[in-house]
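Chemist: What follows is a predicted protein model with its sequence.
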Amino acid sequence: MHRLVFTGRAQADLLEAWLFIAEDNQSVADKVLDTLQQEAKLLLVQPLMGRARPELGSAVCSWPSATPYVVFYEVDDSELTVLRVLHHARDVRSASF
């Protein structure tokens, strides 16, 4: 079983998403973060479900969550590392991974 790790950037992305959504509705913001956390845990079980994103890095994959956010991650023998969590409308090529 892999260990789930969120980078500092991914944690900042989650905070930014929560703050933006919470301006209108804190309950919805909580649900979005809960959903993202649950989907990241699902990726632990089946890490190859995501799409390879070689244009972002040799081992980067993405998972379009049930929220308006996309989870970008890498997986190795022991860890699934969430690199970023970005809004689906964002130009990810301009984001640093």
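Modeler: Ah, there it is.
Chemist: Check the gap between residue 71 and residue 82 for me.
Modeler: Using C-beta to C-beta, to the nearest Å, we find residue 71 at a distance of 6 Å from residue 82. The C-beta positions use only the backbone N, C-alpha and C, and glycine is treated the same way.
Chemist: Oh, that last question was meant for residue 34, not what I typed.
Modeler: Distance, residue 34 to residue 82, using C-beta to C-beta: 15 Å.
Chemist: Those two: who's more crowded?
Modeler: residue 82 (24 against 11; other C-beta atoms under 10 Å).
Chemist: Packing partners of the host helix or strand of that one?
Modeler: Using DSSP states H and E, residue 82 falls within strand 79-87. When contacts are defined as 3 or more C-beta pairs under 8 Å, 6 or more residues apart in numbering; DSSP states H and E, strand 79-87 sits against strand 3-6, helix 8-22, helix 26-45, strand 69-75.
Chemist: Return that strand as CSV; C-alpha atoms alone will do.
Modeler: Output in CSV follows, covering the C-alpha atoms of strand 79-87 (Å, rounded to 0.1, in the frame of the first residue of the first chain):
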residue,chain,number,x,y,z
GLU,A,79,4.2,7.0,-2.1
LEU,A,80,1.5,8.7,-4.1
THR,A,81,2.5,12.3,-4.0
VAL,A,82,-0.1,15.0,-4.8
LEU,A,83,1.8,17.7,-6.6
ARG,A,84,-0.9,20.2,-7.3
VAL,A,85,-4.7,20.6,-7.1
LEU,A,86,-5.8,23.0,-9.8
HIS,A,87,-9.1,24.3,-11.1
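Chemist: strands paired with it, and their directions?
Modeler: When pairing is defined by DSSP bridges, strand 79-87 lines up against strand 3-6 (parallel), strand 69-75 (antiparallel).
Chemist: about what we covered before: quick one: common contacting residues for residue 71 and residue 82?
Modeler: residue 40 (C-beta atoms under 8 Å, 6 or more residues apart in numbering).
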